[in-house]
Structure formats: structure tokens, C-alpha cells
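A.B. asks: Here is my input; please provide its structure:
(one chain, ligands or ions: 2)
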Amino acid sequence: MKLHEYQSKTIFAKYGIPIPKGRIAATAVEAKHIAEELGGRVVIKSQVLVGGRGKAGGIKVAKSAAEAEQLAQQILTMEIKGLPVRKVLVDEAAAIEHEIYFSITNDRAAKKPVMIASAAGGIDIEEVAAKTPEKIIKVHIDPLLGLRDYQSRDIAAGIDLPREHWREFSRIAAGLWQAYLETDATLAEINPLVITKDKRLVALDGKMMIDDNAMFRHADLNEMRDIDEEEPAETEARKYGLSYIKLDGNIGCMVNGAGLAMTSMDIVKLFGGEPANFLDIGGGAGSDKVSAAMKIILSDANVKAVLFNIFGGITRCDEVARGILVAMDEVKPKVPMVVRLVGTNAEEGRRLLQDAKMITAETLADAAQKAVQAAK
Ligand code: GDP
Ligand code: MN
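C.D. replies: Residues are numbered from 1 along each chain as shown. Ligands and ions are numbered 1, 2, ... in the order given. Below you'll find the model as predicted:
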């Protein structure tokens, strides 16, 4: 789950990271009032769950409350990368001397969180990473030991941070690590962390992503979820406890088990197809879950064929077959369906589907090939 900038910064502040004074507004008039409270010079920041808002014109500095109102009006009617702006953050404008990039994310290859920093922060960090990777400093954090002070100092030295800021930088680094750890984040990013003209360090931007698998223990964070900005099918899937991720291909995939789902997608690709989604119905899914999953897959207009790959262990193939029949009855799909059922109650499952006009397959390779063919 992605958090908005204002939500991320609220969390940062709880962990002692300095953020600008500011508040969220849904109308231009509110933005004007906030600007008045803050003394006029403010920055109006679109709150949408995508990066690169600055370049898209969604971040503007206003010199007066009147200008803040006008700019907020303008930004609140914008769309950024397909997302309409519904709220703006009105922050006290900072006088920036220098912009630093600073984040923590998971390094899957290293099996550890990694703290990343660069003196070349700001809106072109992707370009810095691509063209001058030596300007990016990385330090892995042992999850059992936590972030050590010497590591923060190593980073400060690595980005040539002036000495006078080291103590404060270490404090911010410790706060960012605690925030990352305690919220089960997969990303905690400050870009830019600025040195202001009056020599303070301030987190001007914030971005956090929380591991969806940990949401059950973060009721407070779950309330921050902005379903307006989620793929509707993904929101629907979550309601049924399905792991669904929409992709760009045209072969819908319904599989039980995450590993098997990924394998199925790979095999589809191997035979020249492109999966339309990742979907794991989980172990022991009943027919209601299966029919919900099928409706979700078919809600994607790109889907030209559906591949069912069910390995019945705890999941019973006859239950899956019943779910398919329920969904077929309700949705009346027009696209071809390829089904492979093996394992527990597979015989019974196949028997149930006999009259359902589905293409059957024996092996995964066979199923994938037939699905790719059927999608053409
Ligand atoms: P992003 O483009 O979505 O990453 O949005 P940011 O919040 O990072 O803002 C983009 C850029 O706008 C920053 O890198 C700054 O250069 C600039 N910016 C943001 N806030 C302020 C501010 O308070 N004062 C000034 N002068 N510039 C700002
Ligand atoms: Mn930014």
C-alpha cells in the first residue's frame, strides 16, 4: 500500500524527522486559509500516488495567500499520470540550499534493508542512478542489529555532508529506520531532504509503501488507504482475500499458490503469451472466492483468454469447478477458457466442467500453449 506524501510526512514527524509546517486542503479556499496561517509563502503540492509531480506541474510555490488560492485552484483541476488531484498539501515554503536523496528499502538480493543516499537529490534521482551510480551511497542494515550510528556517519561522509549537519543527520536516519521498521514498510523515502538556507535539515517530500501482508497489524495505517487511487479490481480482490495484481497482457490467469502462479505466468510467456494478471486464490479457496476471482479477471477488457491452473492439495478441484460454474453463470464470459485441474478431487472437478465448453489440458505446458493459441 502506498501512502500519500502528507501521510508519510505525518509518520516521519512522529519519529522525530523535521517536516515543514503544513496542512491538507481539498479546496482552493481552504488552501488560501492555510497559506494565511503560514504567513503567505507556501508550496502547493498535489497529493497523488505517483512520483514526478514536480515535473508534471503539480508542485508550485506561491508568494502570497492569494496566489496560493489561485495555484491550488489550478492544481486541484489537474490530472497527473491519469490520476485526478483531489487534495493538495499546503506547506510552508522552504528556502533550499541543497537537495539530498535519502531512503530505506528492501534489497531482496541481499536479504536486508538498505539505506540509500545521494548528494544529488531532487527530481532527477533516477537519472543520477542511471548515469552516475557512483553518486549513490548504499549501506545495508542488519535487521537484528538495527541501524548503527557509524553507518549513518558513513553515509554522511559518503555524500560529503558538511560536518555541522552530521549529528542531526544521524538522528533523522535513526528516525527513518524506526519508521520503516515499525510500520512494516517496504519503502521510506525522503526526496528531497534539504539543507535550508538557515542551515536546517528538513524532509520536504515523503513517500512510504507498507507491506500489504503486514496490514493486519496496522489498523491505523489501513485507515490511510486511498481506494480512489487504487486499481478497482485490486480493491475488490482484497475484499475476498485474493492476491491480484493487474498486468498488461491478455491472458487472465487463475492459479492457487503464489509460486505456481508465477510459474504459470512464466510458462505463458515461454509460449509467446503475456499474462493479464497475477492471481493467487490461495489454499483451500471455496467456490465463492473462485467466482469472485473470475469476475475480477474478466473485468479487465484486455483479457482474451483465461487460464486456470489448479493443483489440488488443500484446495479441492471440485470446489474450484463449482466456483467456475457459478461465475460462468453470472458473468457469461465470451472469452475461451483453458482449464487444468490436477490433484484432490480432480476427477470430480473435470466431470462438473464437462458441459461448460472449456478447453481442457493435461499438463501446464499444454494448458499454457492452448491459452496462448486461444487468445489469438
Ligand atoms: P515530486 O516531484 O513528486 O518528487 O515532489 P517534491 O515534493 O519532491 O517536489 C519537487 C521539487 O519541488 C523538489 O525537489 C524541490 O526542488 C521543489 N520544492 C518542493 N517543496 C519546495 C519548497 O518548499 N520550496 C522550494 N523552493 N521548492 C520546493
Ligand atoms: Mn520528491
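
A.B. asks: Do a quick rundown of the helices in the stretch 151-300 of the chain.
C.D. replies: Secondary structure of the stretch 151-300 of the chain (DSSP state H, counting those that start in this stretch): helices located at 166-182, 219-222, 232-239, 258-270, 287-298.

A.B. asks: helices or strands up against the longest one?
C.D. replies: In this case it means helix 166-182. In this structure, helix 166-182 packs against helix 5-14, strand 96-107, strand 112-118, helix 149-158, strand 185-196, strand 201-203, with contacts taken as 3 or more CB pairs under 8 Å, 6 or more residues apart in numbering; DSSP states H and E. Glycine gets a C-beta too; all of them are placed from N, C-alpha and C.

A.B. asks: any residue of stretch 112-123 up close to ligand 1?
C.D. replies: Yes: looking at stretch 112-123 against ligand 1 by CB under 6 Å from any ligand atom, the contacts come from 122-123.

A.B. asks: if we can go back for a sec, the helices of the stretch 151-300 of the chain into JSON lines, with extra columns for mean neighbour count and distance to ligand 1?
C.D. replies: Converted to JSON lines, the helices of the stretch 151-300 of the chain look like this (neighbours: other CB atoms under 10 Å; distance: least, CB to the nearest ligand atom, whole Å):
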{"stretch": "helix 166-182", "mean neighbour count": "19", "distance to ligand 1": "16"}
{"stretch": "helix 219-222", "mean neighbour count": "12", "distance to ligand 1": "21"}
{"stretch": "helix 232-239", "mean neighbour count": "16", "distance to ligand 1": "22"}
{"stretch": "helix 258-270", "mean neighbour count": "18", "distance to ligand 1": "31"}
{"stretch": "helix 287-298", "mean neighbour count": "22", "distance to ligand 1": "30"}
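
A.B. asks: Same list, those, but as TSV with mean pLDDT please.
C.D. replies: TSV is the format used below for the helices of the stretch 151-300 of the chain (pLDDT from 0 to 100):
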stretch	mean pLDDT
helix 166-182	98
helix 219-222	93
helix 232-239	89
helix 258-270	96
helix 287-298	89
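
A.B. asks: With residue 106 as the reference, name the closest of those.
C.D. replies: Among these, helix 166-182 comes nearest to residue 106, with 9.5 Å by CB to CB.

A.B. asks: And the contacts of the closest one?
C.D. replies: Identification of contacts with helix 166-182 by CB atoms under 8 Å, 6 or more residues apart in numbering yields 11-12, 14-18, 102-104, 113, 115, 141, 143, 146-147, 149, 151-153, 155-156, 161, 185, 188, 190, 193, 200-201, 203, 208.

A.B. asks: Most proximal residue of the stretch 201-350 of the chain with respect to ligand 2?
C.D. replies: residue 205 (3.5 Å; CB to the ion).

A.B. asks: who are the neighbours in contact with the spatially closest residue to that residue that is not a sequence neighbour?
C.D. replies: In space, and not counting its chain neighbours, residue 205 is closest to residue 191: 5.4 Å by CB to CB, 6 or more residues apart in numbering. Residue 191 is in contact with 99, 101-103, 121-122, 125, 205, 207, counting by CB under 8 Å, 6+ apart.

A.B. asks: Buried among the residues you listed? Need that as a selection in PyMOL.
C.D. replies: Only the buried entries of those go into this PyMOL selection, using 16 or more other CB atoms under 10 Å:
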select buried, resi 99+101+102+103+121+122+125+205+207
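
A.B. asks: pLDDT score assigned to the residue nearest to residue 205?
C.D. replies: If you check residue 191, the pLDDT there is 96.

A.B. asks: From residue 125, how far out is the residue in the stretch 51-200 of the chain that ligand 1 sits nearest to?
C.D. replies: Residue nearest to ligand 1 within the stretch 51-200 of the chain: residue 54 (2.9 Å; CB to the nearest ligand atom). Separation of residue 54 from residue 125 (CB to CB, to the nearest Å): 12 Å.

A.B. asks: same question, residue 182
C.D. replies: 25 Å.

A.B. asks: Please apply the same query to residue 335.
C.D. replies: For residue 335 relative to residue 125 (CB to CB), the value is 42 Å.

A.B. asks: Near the nearest residue to residue 76 once chain neighbours are set aside, how many other residues are there?
C.D. replies: The spatially closest residue to residue 76, leaving aside those adjacent along the chain, is residue 85, at 5.6 Å (CB to CB, 6+ apart). Neighbour count of residue 85, defined by other CB atoms under 10 Å: 20.
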